[in-house]
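> I would like the atomic coordinates for the input below:
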Amino acid sequence: MEQIPLWSPKPAPAVRSSIPLLSKSRFLAGLQCHKRLYFECYRSVPRDPVPPATEALFEAGARVGILARGLFAGGVRIESPEADLETTAVMNQPGKRPIYEAAFNHDNIRVRVDILAPAGDGEWDLVEVKSSAGYKEEYLPDIGIQLHVLEGAGVPIRRACLVHVNNQYLYEGGDYDLERLFAVRDLTAQARDAIPKLLPQLEAMRSPLWSWEPPQISVGSHCKRPYLCPFYTHCHTDRPEYPLEHLPRMNQKLQRALREAAIDDIRDIPEDFEGLTDLHKRIRASVITGRVHSDPELRQKLRELRYPIHFLDFETCNPALPRFIGTHPFQQVPFQWSDHVLGEDGSLEHRGYLHVEDTDPRPPLVESLVRALGSEGPIVVYSGFEERIIRSLADDLEVWREDLLKIVESRIVDLLELIRSHYYHPDFRGSFSIKDVLPALIEDLDYDGLQIQEGSQAATAFIEMMDPETSRSRRLELEDALRAYCNRDTEAMVRLFQKLREDG
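Reported below is the predicted structural model:
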């Protein structure tokens with residue numbers, strides 16, 4: 001006989017009893033995607049590992065933020081766990097001082113202000129610092145929500161400003177001239193105008209947070225704009241084998257048309273679908289048939305190259321805070337090159353240069369490069385990056401200008417552009433990056449065992465190597481890692497060249 005329970009299980013509540021406060025970062029996440037905001041608040045799914053390039057940007061941003069405080073010197077940094085109370089106490093002290101990372105709470109939103117600077121007559125300037133070279137559209141909601149919170153908390157604001165790096169500043173050595181290194185942009189009027197538009201968005205993003213389930217939002221271009229979502233992998237795990245994201249250089253009109261046609265797999269796109277480029281059609285045909293697309297013209301162009309053939313790659317750094325005299329913020333400064341030279345008999349010779357002194361790397365790098373490249377043989381590169389670097393070096397170093405311009409005006413061959421125009425493998429998955437092309441075509445060569453596996457890591461390693469506080473043993477370790485990585489790039493080009501020339 002079945003036993004009847006004396007009471008029924010208590011049903012789960014339809015909605016949560018409370019939702020988390022929104023920080024400024026959560027609010028900005030919600031502007032990108034409500035599902036991202038949900039995951040940020042409840043941590044119900046794992047975040048993607050932070051890419052090395054993003055970590056480098058975070059570190060650079062922190063350095064810029066600390067340096068920018070020098071524009072408002074003599075301030076107090078808020079560090080207490082009771083940040084709101086400490087901020088209020090500092091604001092009420094006689095002899096007003098700038099406050100770094102001031103904390104406020106209003107309308108169930110928490111914000112930390114980079115710099116809150118006294119402006120006289122009891123007013124304050126709200127200062128947001130960005131490690132960029134100028135204003136970006138996504139900065140306005142950031143400043144607008146801070147202004148809303150501060151004024152709602154009773155703080156009289158005179159100006160809401162953006163401080164960013166001035167990329168026209170020329171570093172002349174010694175301490176930075178902060179007044180010239182940084183630019184200050186008054187965005188008070190724009191921020192005030194933005195607030196009435198932000199408040200409805202604020203309320204709309206709170207609504208899904210009451211639910212026990214994340215909102216159902218389809219993936220799309222917003223997953224990478226304005227920033228790559230930290231939950232990108234989670235939302236893309238059940239995607240088709242060949243999703244639309246594998247069609248490079250899609251414009252918004254084509255994206256919208258495909259979405260309206262309920263197409264999310266490249267293989268389902270009709271052959272005559274309006275708006276497809278020749279590249280899109282090539283990719284579509286390749287993934288449908290499962291076969292490589294290879295134009296005979298590619299093999300012909302590669303076989304026309306005369307020996308010796310150079311394969312050249314640069315590593316560069318572009319710090320927001322210029323390190324070398326005569327450079328600007330964000331200027332690409334090459335510190336390393338690798339050159340594999342392929343002979344007609346199949347012999348392969350490697351040459352390279354890595355700058356290891358804490359001096360401007362450009363003069364010795366160029367001298368060694370011009371000597372190594374000589375005057376014979378095409379120079380194979382992967383993308384237009386190397387040509388841009390050589391042209392910039394020609395502009396900066398007049399004594400080498402003629403030699404450098406001869407290199408780029410008659411000898412450069414872009415292997416990336418040749419592959420993009422004439423070749424496609426289904427395993428490229430829409431990317432022509434050498435990191436994606438190489439494993440699709442060459443089985444026994446990759447980057448997996450290297451300590452440095454991408455350019456941003458190389459730039460970070462070089463800056464660390466130049467730091468006087470870095471130990472000698474660590475510097476030697478970084479030198480080895482940099483050489484291995486840059487050499488692998490040119491070795492990869494050689495192998496791709498040989499594969500495509502013979503099998504293309």
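> hey, let's count contacts and neighbours off CA atoms from now on
OK.
> packing partners of whichever helix or strand residue 206 is part of?
Residue 206 is part of helix 188-206, with elements assigned from DSSP states H and E. Packing partners of helix 188-206 (3 or more Cα pairs under 8 Å, 6 or more residues apart in numbering; DSSP states H and E): helix 24-32, helix 139-152, strand 157-165.
> could you rerun that using 10 Å?
Packing contacts for helix 188-206, counted by 3 or more Cα pairs under 10 Å, 6 or more residues apart in numbering; DSSP states H and E, involve strand 22-23, helix 24-32, helix 34-42, helix 139-152, strand 157-165.
> now the ones you listed in a markdown table, with mean pLDDT and distance to residue 122?
Formatted as a markdown table, the helices and strands packed on helix 188-206 follow (pLDDT from 0 to 100; distance: least, Cα to Cα, whole Å):
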| stretch | mean pLDDT | distance to residue 122 |
| --- | --- | --- |
| strand 22-23 | 96 | 26 |
| helix 24-32 | 97 | 25 |
| helix 34-42 | 97 | 36 |
| helix 139-152 | 98 | 13 |
| strand 157-165 | 98 | 9 |
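> how far off centre is the longest helix seen in the chain?
As assigned by DSSP state H, the longest helix anywhere in the chain is helix 472-503. Between the centre of helix 472-503 and the centre of its chain there are 23 Å (Cα atoms, centre = their mean, to the nearest Å).
> same deal with stretch 372-382?
30 Å.
> one more: stretch 257-264?
On Cα atoms, centre = their mean, the centre of stretch 257-264 falls 29 Å from the chain's centre.
> just the residues contacting it, thanks.
220, 239-245, 252-256, 265-266, 268-270, 273-275 (Cα atoms under 10 Å, 6 or more residues apart in numbering).
> one more pass at 7 Å, please.
Residues from elsewhere that reach stretch 257-264 (Cα atoms under 7 Å, 6 or more residues apart in numbering): 243, 244, 269.
> avg pLDDT for stretch 250-268?
Stretch 250-268 comes out with an average pLDDT of 94.
> next, the distance between the ends of it.
16 Å (Cα to Cα, to the nearest Å).
> next, the buried residues of that stretch.
255, 258, 263, 264, 265, 266, 267 (16 or more other Cα atoms under 10 Å).
> may I have the phi/psi pair for residue 293?
Here is the backbone geometry of residue 293 (degrees, to the nearest 10): phi -100, psi 120.
> got a pLDDT number for it?
Reading off the model, residue 293 has pLDDT 96.
> quickly list what it is bridged to.
Beta bridges link residue 293 to residue 424, judged by DSSP bridges.
> ok, it - how many residues close by?
When neighbours are defined as other Cα atoms under 10 Å, residue 293 has 18 of them.
> contact partners for it?
286, 423, 424, 425.
> correct me, but the second one touches residue 297?
No. Counting by Cα atoms under 7 Å, no contact exists between residue 423 and residue 297, whose distance comes to 9.8 Å.
> just want to know which of the two has more residues nearby.
Shown here are residue 423 and residue 297; by other Cα under 10 Å, residue 423 has more neighbours (22 against 14).
> who are the contact partners of that one?
Here residue 423 is in contact with 293, 294, 295 (Cα under 7 Å, 6+ apart).
> state the distance from the nearest residue to the last one once chain neighbours are set aside to residue 300.
What it means is residue 295. Of all residues not flanking residue 295 in the chain, residue 422 sits nearest, at 5.1 Å (Cα to Cα, 6 or more residues apart in numbering). Distance of residue 422 to residue 300, given as Cα to Cα: 11 Å.
> looking at the two, which one has more neighbours?
A side-by-side neighbour count of residue 422 and residue 300, using other Cα under 10 Å, places residue 422 first with 17 against 14.
> next one: the more buried one, what pLDDT does it get?
For residue 422, the predicted pLDDT is 96.
> swap in residue 5?
50.
> the helices and strands packed on helix 188-206: which one's closest to residue 229?
Counting by Cα to Cα, residue 229 lies closest to helix 34-42 out of the helices and strands packed on helix 188-206; the figure is 7.2 Å.
> for the stretch 351-500 of the chain, what spans make up the strands?
379-381, 412-414, 423-424 (DSSP state E, counting those that start in this stretch).
> may I see those strands organised as JSON lines, with distance to residue 349 added?
Shown next, in JSON lines, are these (distance: least, Cα to Cα, whole Å):
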{"stretch": "strand 379-381", "distance to residue 349": "14"}
{"stretch": "strand 412-414", "distance to residue 349": "19"}
{"stretch": "strand 423-424", "distance to residue 349": "28"}
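> any idea which of the ones you listed gets closest to residue 215?
Taking the strands of the stretch 351-500 of the chain one by one with Cα to Cα, strand 423-424 is closest: 37.1 Å.
> how far away from the center of its chain is the closest one?
27 Å.
> do the same with stretch 116-130
Distance, centroid of stretch 116-130 to centroid of chain: 30 Å (Cα atoms, centre = their mean).
> mean confidence score for it?
Rounded mean pLDDT across stretch 116-130 is 97.
> any stretches of the protein with poor pLDDT?
Within the chain, the stretches with pLDDT under 70 are 1-13, 504.
> and residue 442, how many neighbours?
So residue 442, with other Cα under 10 Å, has 13 neighbours.
> whoops, residue 387 was the one
There are 20 residues near residue 387, going by other Cα under 10 Å.
> with residue 402 instead?
Using other Cα under 10 Å: residue 402 sits among 11 other residues.
> and the nearest residue to it once chain neighbours are set aside, how many residues sit next to it?
With sequence-adjacent residues excluded and distances taken as Cα to Cα, 6+ apart, residue 402 is closest to residue 394, at 7.5 Å. The tally of other residues near residue 394 (other Cα under 10 Å) stands at 18.
> hmm, residue 394 is touching residue 400, no?
Yes. Contact status for residue 394 versus residue 400: in contact at 6.3 Å, counting by Cα under 7 Å.
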